[in-house]
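A.B. asks: can't give you the sequence, but here's the structure:
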């Protein structure tokens, strides 16, 4: 692949997926009170934000394993890459990544997947995190309806419209679980097209309740590129080991990984 094509390929893939990775940092909820399906959008968001603050204080850190898989098909050929990564998070903003295995395109592994990890580390920093949080400072919300889960748990479906055109914000829908007031699902697209070569980038995020916290479970992002084809990124999050802050509940006590 020519040097110019490599540079363009890196720009398209990384910028087209960066917003989705930022949107994945929606919060880490813990158990809450009984649900109330009579709330309006402002009340739902207020409870979500308040709980997020509580949850941030309760989470000391976690260890997890991720599987990154990226497919690219287009004029630059067909390429795939896989990477298994161990992640160590310490509150409030420390993330460490250790590659366990990798296969497929070395170039994608080195210049795309590792770059995604770097972007995530950068966005975990206090200033960047505040600019990308799902809250009224960054988004306007509208309640679209209430859906019922398999066990009857209500999920508030909110439309989220970014207040600024920022590559790391998104526009789309947010599903808020009505008992924990946790973000359980997000579907959308970047608020700002990251490149004139990016035609469309759609993402789907899912979260799972783990040891009393809701944490990322899967990220699925499809990016359509003008003239150059498309890329498909999936990230699966598994094997969580969660540590609570000392004195905040069951399992506390200053444990370390």
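C.D. replies: Perfect, I can see it now. Because the structure is predicted, anything quoted here is derived from the model rather than measured.
A.B. asks: And stretch 175-184, what's buried?
C.D. replies: Under the neighbour-count criterion of 16 or more other Cβ atoms under 10 Å, stretch 175-184 has 175, 176, 177, 178, 179, 180, 181, 182, 183, 184 buried. For the C-beta atoms, the positions are set from N, CA and C on the backbone; glycine is no exception.
A.B. asks: avg pLDDT for that stretch?
C.D. replies: Taken as a whole, stretch 175-184 has a mean pLDDT of 94.
A.B. asks: same check, this time on stretch 122-139
C.D. replies: For stretch 122-139, mean pLDDT rounds to 85.
A.B. asks: how about low-confidence regions in this structure?
C.D. replies: 1-37, 194-198, 226, 247-257 (pLDDT under 70).
A.B. asks: What ranges does it have for its strands?
C.D. replies: Under the criterion DSSP state E, the chain contains strands at 59-74, 77-90, 94-104, 139-148, 154-162, 170-177, 182-190, 198-210, 213-225, 229-244.
A.B. asks: So what touches the shortest one?
C.D. replies: Counting by Cβ atoms under 8 Å, 6 or more residues apart in numbering, the neighbours of strand 170-177 from elsewhere in the structure are 19-20, 22-23, 26, 29, 44, 48, 134, 141, 144, 147, 149, 153, 155-162, 182-191, 203, 214.
A.B. asks: Relative to it, what are the paired strands and their orientations?
C.D. replies: strand 154-162 (antiparallel), strand 182-190 (antiparallel) (DSSP bridges).
A.B. asks: quick check: angle from that strand to strand 198-210?
C.D. replies: 20 degrees (axes from the mean of the first three to the mean of the last three Cα atoms, to 10 degrees).
A.B. asks: before we move on, what about the first one?
C.D. replies: Inter-element angle recorded for strand 59-74 and strand 198-210: 150 degrees (by the same axes, to 10 degrees).
A.B. asks: For residue 87, list each beta-bridge partner.
C.D. replies: According to DSSP bridges, beta-bridge pairing links residue 87 with residue 64, residue 97.
A.B. asks: Neighbours of it, how many?
C.D. replies: Neighbours of residue 87 under the rule other Cβ atoms under 10 Å: 18.
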